[in-house]
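1. dropping a prediction and its sequence here:
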Amino acid sequence: MESKESRVELRILSSLEYTDLVENITGNLTLLAGCNTDQIYFIQMAVREIVTNAIQHGNRFDINKAVSILYEFDRGRFEVHVWDQGDGFDLSHLPDPCDPANLLKSSGRGIFLVRSFMDDFSLIRIPWRGTEVRFVKKLAAS
Amino acid sequence: MSIKANTRKVEGVNIIDLSGRITIGEGTVILRDAVRALQQKNERHILLNLAEVSYIDSSGIGELVSSFTTSRNQGGKLRLLHLTKKVHDLLSITKLLTVFEVFDDEAKAIQSFRS
């Protein structure tokens, strides 16, 4: 495969029944990008976590709201954008799940894991439109 | 595929053998129901065997924590057995290996409940 960029867009309703489908599509795209086994695992996990967040916390399971996913990849990097149509939140207000005071909380680890395993991560609140999460896994080095 | 949970009792310890994926929705519910079924019978020694767990997401990790805390709050003990490398790495990076007692050997895990 040439090292030209590929772009794939996906749009789903806000239901968790689509997360397996998204994970499978993500897996196929990571294979197209030439990812190794570990990279596939980390990217699939990241997409699943962020899409689940978008459905659950962003769109609050509102079936009238969509989650959009854009994949951009070549042989050097795998980049994903996820948009929801919710009210958004401030990343700086997310508690640190590794703080001893939070260790026994049953939630709040999804974004932490994605940030841990991706090479670049950003979250942008778009007024009146929702939230965009972008993350990148570099492929060339490993 | 979600998870399957089979419970067996060995020397007073309830071992839940889990297989499949512990993910948000059905996966976490099956885990929760298996643990609660034991807690409701006042069974206080629970060992979760994760040898056949191929994947766990952040909700699954949260369910492990929730099972641990409900067990502890009832005066019980919940411990983990046979973590796969990926599950071990996830618990390590989230600092939860400082919370859970983890074993690689079933006999030693069972023995630990006696102390």
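-> Yep, that arrived. Numbers count the residues shown, from 1 in each chain, chains lettered A, B, ... in the order given.

2. in the top strand by length along chain B, what's buried?
-> In chain B, ranked by residue count with DSSP state E as the criterion, the top strand is strand B:45-56. Buried residues in strand B:45-56, defined by neighbour count with 16 or more other C-beta atoms under 10 Å in any protein chain shown: B:45-50, B:53, B:55-56. C-betas here are computed from N, CA, C, even on glycine.

3. can you pull out the low-pLDDT segments for chain A?
-> A:1-3, A:141-142 (pLDDT under 70).

4. how about the residues of it near chain B?
-> Selection of chain A residues close to chain B by C-beta under 8 Å from any C-beta of the partner chain yields A:16, A:19, A:41, A:45, A:48-49, A:52, A:56, A:97-98, A:103-107, A:109-110, A:112-113, A:116.

5. which residues touch residue 106?
-> Went with chain A since none was named. Residues near residue A:106 by C-beta atoms under 8 Å, 6 or more residues apart in numbering or on different chains: B:62-63, B:65-66, B:69.

6. not quite, go with chain B.
-> B:10, B:15, B:47, B:49, B:81-82.

7. what ranges in chain B fall below the confidence cut-off?
-> Looking at chain B by pLDDT under 70, you get B:1.

8. going along the chain, name the strands of it.
-> B:4-10, B:13-22, B:45-56, B:77-81, B:102-103.

9. mind listing the strands the first one pairs with, and their directions?
-> According to DSSP bridges, the neighbouring strands of strand B:4-10, each with its direction, are strand B:13-22 (antiparallel).

10. just the angle between the partner strand and strand B:77-81, please?
-> For strand B:13-22 against strand B:77-81, the angle by axes from the mean of the first three to the mean of the last three C-alpha atoms, to 10 degrees is 60 degrees.
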